[in-house]
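Enquirer: A predicted structure for the sequence below; I have some questions about it.
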Amino acid sequence: MESYLNQNFDVKAKHSSEEALEKWRNLCGVVKNPKRRFRFTANLSKRYEAAAMRRTNQEKLRIAVLVSKAAFQFISGVAPSDYTVPEEVKAAGFDICADELGSIVESHDVKKLKFHGGVDGLAGKLKASPTEGLSTTDADKLSQRQDLFGINKFAESELKSFWVFVWEALQDMTLMILGVCAFVSLIVGIATEGWPKGSHDGLGIVASILLVVFVTATSDYRQSLQFRDLDKEKKKITVQVTRNGFRQKLSIYDLLPGDIVHLAIGDQVPADGLFLSGFSVVIDESSLTGESEPVMVNAQNPFLLSGTKVQDGSCKMLITTVGMRTQWGKLMATLTEGGDDETPLQVKLNGVATIIGKIGLFFAVVTFAVLVQGMFMRKLSTGTHWIWSGDEALELLEYFAIAVTIVVVAVPEGLPLAVTLSLAFAMKKMMNDKALVRHLAACETMGSATTICSDKTGTLTTNHMTVVKSCICMKVQDVANKGSTLQAEIPESAVKLLIQSIFNNTGGEVVVNKHGKTEILGTPTETAILELGLSLGGNFQEERKSYKVIKVEPFNSTKKRMGVVIELPGEGGSLLRAHTKGASEIVLAACDKVVNSSGDVVPLDEESIKYLNVTIEEFANEALRTLCLAYMDLENGFSPDEAIPASGFTCVGIVGIKDPVRPGVKESVELCRRAGITVRMVTGDNINTAKAIARECGILTDDGVAIEGPVFREKSQEELLELIPKIQVMARSSPMDKHTLVKQLRTTFDEVVAVTGDGTNDAPALHEADIGLAMGIAGTEVAKESADVIILDDNFSTIVTVAKWGRSVYINIQKFVQFQLTVNVVALIVNFSSACLTGSAPLTAVQLLWVNMIMDTLGALALATEPPNNELMKRLPVGRRGNFITNAMWRNILGQSVYQFIVIWFLQAKGKSVFGLDGPDSTLMLNTLIFNCFVFCQVFNEISSREMEEIDVFKGILDNYVFVVVIGATVFFQIIIIEFLGTFASTTPLTIVQWIFSIIIGFLGMPIAAGLKMIPV
């Protein structure tokens, strides 16, 4: 079976081809309810429609952009526009309407923009300030703004009501056929036996169908609500906004036209708008226009479109158009969601359901044929084959109903749906554990992970950084202990240089918040450096006003440094100065001078270089992150179009930043090692810092290798084959080094790889990995979009929790499959063999429907929602090639099936004599006893299925209240069916002895299950 499944029902967890998705759908046969079975699979036809719509929209937008570019060259004077402000807009105090704003940005209309006074003019007409942002103190004004310009939300599909799920559950073909049987049974029964006696069989089937439908619909409806909640969490994006004169974090859904939004590398543009100020802004518009070439955005081309991504630079933008008025909103409205790709387990279990369904259909047809043949033989022997009574017609109908119900039981429609149930449950619980799953498949794939490639900063460390050591003017200082006295020990000229460098060459900001307190905004590294600048007596706002910024080169992980060029005012004309900061050894290598202990600039000789390199190494060995600050005066002039020089700098100093290891990381790494998961650290930091942190975390062992990215890059394929299994730390790595490592691990070594990432440049590695894990706090929107799971607290221990949940999902589904296949096998063989040998079936249609509900919906609820335990992390991972239905599962399935079949066959053959049953109701009594024993066998088998290898199946049973409730409800309703619903369910009340016997027979399955687990496979 496994080889057939791997050949025909095998899809990748990520990036499956359309051919693979089509192939398994075409092979799916014997589907009872396509609407329900394929609810959580991608709708390929809708996807094709969506892709066509997207292409049309992209072409329209691309033409608009090209037209606007051409228009730039022809605008000399602006002719008066015929635009008039609508009265309701005027009455509200605004001078421009939403449609006019939308047309300016959407059409890239430079002429209109110029007519309205440029970006500043539009801000005025929107009653917003380019520096202070919107004022939201007047609630009425705010409400008017929302009414006139809209809110930043997109149209969403309506949540399906409970009754839609009821209707979809009724689409089951076998239930429809049974419904017809019930209807015919009612008519024939009432015609022959009268009301109410003749209606019992028909009403029993109707009641069973309704029970199955409502339980199924309730389960599906709850699942849909869980997915809805998760979708809301996925869409939670916050941006930095200036409102009421203060910088603050706001949800993108709270943005309004007139808001001032601050964008940086990796951000998604949250609404349509215009560029206010910024540097080196490069926008990726491929999601909208389909054009892969990035677009430069500046004062000459100020148009920013919602849904596009900031590839480089940083800027402030004025929001002009929001929500469904934006291009992105219109695109989202025209696209019909094609759904997520189905997960590998869903597809595999669709394959299992197809195989067993075909077998079940064969058995059902044969069973019906045997029963009908037996009836004809009976009538032939009595010579009444031409004379048919109502009772005989009902009997024939009952045979047909039994055959259909065998198909109901035999087609395990619940298998693929149990995957979704388990994943939905796990995803909801993982949210509480600070992990947001974006793609369903990541849940189950994480359970097979064999390698985790983790970042250092913020994942293994706390990301709360402080400068604790410095080497300024060639003098090492302990900053942590000195605090404010540090300023007195540095020459005044050097202090001035340092403050100038820190406050101008930064991606962060020092602002006053609404409570009047000073607040530092930016990455943890920037925050640490800005804190140092403040402790040296610097004033951020004054420093920024003193100099004009000519060019900014933001930090990126390839160059490992950032730079700025500023204009210094002077009596003899202005002087241009470049500041740079970044990875110590890289910036130091670009220096040829240094500021000495007197504050003078002197050439950087061999001795000084050696001293500084030793200092960097000492800082790094203390697990400090080191940064070098340098500057150079550009005496030959500088054009903003040029790149900042790469050499000729003067070293001002080196700082050592402490970023402590997160509590619990060492234990989590050890837990991974015991679970067979290799943890590797991939960082852009200095190799000595990386090694020190890796040892502290327990990642770097004595036989492990720590390597630098540039060295790794130079290795040949043969050398990599030998080296990669030993690599535990990669330092000074570029994004492509990380990508190469991940690709090699996946393809050459067949590992299942999880990778963490936070920056825009991490997107290729996150995309390549089996499971991409983006950081929720430090991560950019681009990284989050490429990831499968978002780690909301940026903590490595949460990644281990995700792995534990992944294993739990995988094993829970295995437990459910084992349980369901046992019921399938026994129900099939019992009814088939009984029909062949005795000419009647012991389990009626109503009884089989109840059994189907126990094993399908209720069984999935009980077994597929088991919470994870620590024992899961003591097993080795399944890896890429592991069989889903293992030998141990086949052993348990066949062992239990044989036991249950022997018991039921014994009761059929000897039951009447053993229990002394005689009289007209003896067959009914015996069949009731068989049905009761069969159900109790399933109840105890469900408990045994909690563990596939362990003998103690009661451990932690009370921790899963769902399991306890399902078992309790099954037993309770079984008592009701036997004792009180005999008329409808073809049962009769049992004696206390018979009840005890049924329970003992069921219970005996547990020691047999324990014995089976001791047989090695």
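Expert: Structure received.
Enquirer: what's the neighbour count on residue 686?
Expert: 25 (other Cβ atoms under 10 Å). For the C-beta atoms, the positions are set from N, CA and C on the backbone; glycine is no exception.
Enquirer: tell me the pLDDT at it?
Expert: On pLDDT, residue 686 comes in at 88.
Enquirer: go ahead and confirm it touches residue 582.
Expert: No. Using Cβ atoms under 8 Å, residue 686 is not in contact with residue 582; the gap is 11.3 Å.
Enquirer: what about residue 270, how many neighbours?
Expert: Quick note: residue 270 (other Cβ under 10 Å) scores 28 neighbours.
Enquirer: part of a strand, is it?
Expert: No. Using DSSP: H, G, I helix; E, B strand; the rest coil, the assignment for residue 270 is coil, not a strand.
Enquirer: isn't it up against residue 256?
Expert: No. Distance between residue 270 and residue 256: 11.3 Å, which falls outside the contact criterion (Cβ under 8 Å).
Enquirer: what do those two both touch?
Expert: 152, 319 (Cβ atoms under 8 Å, 6 or more residues apart in numbering).
Enquirer: so who does residue 520 touch?
Expert: By Cβ under 8 Å, 6+ apart, the residues touching residue 520 are 508-510, 526-527, 530-531.
Enquirer: next: residue 502.
Expert: Listed by Cβ under 8 Å, 6+ apart, the contact partners of residue 502 are 529-530, 532-533, 536, 538, 629.
Enquirer: show me which of the residues you listed are buried.
Expert: When neighbours are counted using 16 or more other Cβ atoms under 10 Å, these contain these buried positions: 529-530, 532-533, 536, 538, 629.
Enquirer: so can I have a markdown table of those residues showing secondary structure?
Expert: Formatted as a markdown table, the buried ones among the contacts of residue 502 follow (three-state DSSP):
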| residue | secondary structure |
| --- | --- |
| 529 | helix |
| 530 | helix |
| 532 | helix |
| 533 | helix |
| 536 | coil |
| 538 | coil |
| 629 | strand |
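Enquirer: now, among the residues you listed, which is nearest to residue 615?
Expert: Nearest to residue 615 among the buried ones among the contacts of residue 502 is residue 629, at 13.7 Å by Cβ to Cβ.
Enquirer: I'd like the distance between that closest one and residue 88.
Expert: 56 Å (Cβ to Cβ, to the nearest Å).
Enquirer: and stretch 762-774, end to end?
Expert: Stretch 762-774 has an end-to-end distance of 9 Å (criterion: Cα to Cα, to the nearest Å).
Enquirer: neighbours of residue 262, just the number please.
Expert: By other Cβ under 10 Å, 18 other residues sit near residue 262.
Enquirer: is residue 108 in contact with residue 303, as I believe?
Expert: Yes. Assessed by Cβ under 8 Å, residue 108 is found in contact with residue 303 at 4.9 Å.
Enquirer: more crowded one of these two?
Expert: For residue 108 versus residue 303, neighbours defined as other Cβ under 10 Å are more numerous around residue 303 (26 against 21).
Enquirer: quick check: phi and psi at that one.
Expert: phi -80, psi 120 (degrees, to the nearest 10).
Enquirer: same thing with residue 258?
Expert: Here is the backbone geometry of residue 258 (degrees, to the nearest 10): phi 110, psi -20.
Enquirer: distance check, it against residue 329.
Expert: 18 Å.
Enquirer: check residue 742 too.
Expert: 35 Å.
Enquirer: go on, residue 20?
Expert: 33 Å.
Enquirer: ok, these two, which is more surrounded?
Expert: Shown here are residue 20 and residue 329; by other Cβ under 10 Å, residue 329 has more neighbours (22 against 15).
Enquirer: so the more buried one: helix, strand or coil?
Expert: Quick answer, by three-state DSSP: residue 329 is helix.
Enquirer: what's near enough to touch it?
Expert: Residue 329 is in contact with 154-155, 306, 322-323, counting by Cβ under 8 Å, 6+ apart.
Enquirer: what does residue 307 give?
Expert: 268-269, 287-288, 326-328, 331.
Enquirer: what is the nearest of those residues to residue 558?
Expert: Distances from residue 558 to the contacts of residue 307, taken by Cβ to Cβ, are shortest for residue 268, at 21.5 Å.
Enquirer: could you give the bridge partners of that closest one?
Expert: Residues in a beta bridge with residue 268, per DSSP bridges, are residue 309.
Enquirer: and the helix or strand harbouring residue 554, which strands flank it?
Expert: In the assignment (DSSP states H and E), residue 554 maps to strand 548-556. The pairing partners recorded for strand 548-556 under DSSP bridges are strand 561-568 (antiparallel).
Enquirer: and the gap between the residue lying farthest from the centre of the chain and residue 852?
Expert: Using Cα atoms, centre = their mean, the residue of the chain lying farthest from its centre is residue 383. It sits 69.0 Å away. From residue 383 over to residue 852 the distance is 40 Å, taken as Cβ to Cβ.
Enquirer: how about residue 700?
Expert: As judged by Cβ to Cβ, residue 700 and residue 852 stand 55 Å apart.
Enquirer: quick one: the strands in the stretch 451-600 of the chain?
Expert: Here the stretch 451-600 of the chain has its strands, by DSSP state E, counting those that start in this stretch, at 451-454, 466-472, 475-478, 509-512, 518-521, 548-556, 561-568, 575-583, 591-595.
Enquirer: low-confidence stretches in the stretch 201-350 of the chain?
Expert: Low-confidence regions of the stretch 201-350 of the chain, defined by pLDDT under 70, span residues 290-291, 330-341.
Enquirer: which residue ranges form the strands in it?
Expert: Taking DSSP E, counting those that start in this stretch as the criterion, the stretch 201-350 of the chain carries its strands at 238-243, 246-251, 260-263, 272-284, 295-297, 303-304, 309-321.
Enquirer: any idea which of those strands is most buried?
Expert: Per residue and on average, the most neighbours among the strands of the stretch 201-350 of the chain fall to strand 303-304, with a mean of 27 (mean count of other Cβ atoms under 10 Å).
Enquirer: and the host helix or strand of residue 421, which residues are buried?
Expert: For residue 421, the host element (DSSP H and E) is helix 414-432. By 16+ other Cβ under 10 Å, the buried positions in helix 414-432 come out as 414-431.
Enquirer: for that helix, packing partners?
Expert: Applying 3 or more Cβ pairs under 8 Å, 6 or more residues apart in numbering; DSSP states H and E, we find helix 414-432 packed against helix 34-37, helix 200-234, helix 344-382, strand 435-437, helix 440-446, helix 796-838, helix 859-863.
Enquirer: looking at the ones you listed, which is buried most?
Expert: Stretch with highest mean neighbour count among the helices and strands packed on helix 414-432: helix 440-446 (a mean of 27; mean count of other Cβ under 10 Å).
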